[in-house]
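[1] here is my input, please return the structure:
(one chain, ligands or ions: 1)
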Amino acid sequence: MKANPGERSIRERMAPGVLSQDGFLGTDGRSLQEIVAADRAELERAGVTPDEVADVIDGLHAAADRGLETPCPACDGRVSVEEIEVMGRIPCPFGCGYRAHKAVLRVHVAGRVFELTPLHAHLIREHGFFQGRGAAFRLEPADAIALVRLCRTASSGATD
Ligand SMILES: [Zn+2]
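    Presented below is the predicted three-dimensional model:
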């Protein structure tokens, strides 16, 4: 696969300490295209779209905002989320001009806890990027798929 001419500068912005303390790529040696393609394929096999994952994260973010930093139920109470506010904004490492609120969303679901950020929704929706393997904030597609399925069944009975 031919390397994207912009990949080098994107990778530089994704390095630890540039835009975020831990960076976006972890120990992943694959090209960005390979990372994105592998995760997209896993989502496709499960019948889940990046938009659905991003919508769930946006919904969790909105729920967490309403909860004012206390654990707040989302997805019909099947998921609870609390927001740990970090001051400021973080620009998208792909250089598209988007800036997200800097915050950590701590998501409690089915006895597990994982941490997302508002930037995840943008990275997944616009760039199909779940972050590299070993990255502090990589969202495993399997976890994203489980979350979408949980929230799908919760919203199927919703009346709004
Ligand atoms: Zn972007």
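
[2] centroid-nearest residue for this protein?
    His120 (2.8 Å; Cα atoms, centre = their mean).

[3] any idea how far it is from the ion?
    Using Cβ to the ion, to the nearest Å, we find His120 at a distance of 12 Å from the ion. Backbone N, C-alpha and C define where each C-beta goes, glycine included.

[4] so that residue sits in a helix?
    Yes: counting by DSSP: H, G, I helix; E, B strand; the rest coil, His120 is found in a helix.

[5] from memory it sits against Asp55, does it?
    No: the pair His120 / Asp55 is not scored as a contact, 11.8 Å apart, by Cβ atoms under 8 Å.

[6] near the ion, which residues of this protein? Just list them.
    92, 94, 96, 98, 126 (Cβ under 5 Å from the ion).

[7] by mean pLDDT, flag the weakest helix or strand of the protein.
    strand 72-74 (a mean of 69; mean pLDDT, DSSP states H and E).

[8] in the helix or strand just after that one, which residues are buried?
    Sequence order places strand 79-91 as the next helix or strand after strand 72-74, per DSSP states H and E. Buried residues in strand 79-91, defined by neighbour count with 16 or more other Cβ atoms under 10 Å: 79-83, 90.

[9] quickly run through the sheet partners of strand 79-91, with directions.
    strand 72-74 (antiparallel), strand 99-109 (antiparallel) (DSSP bridges).
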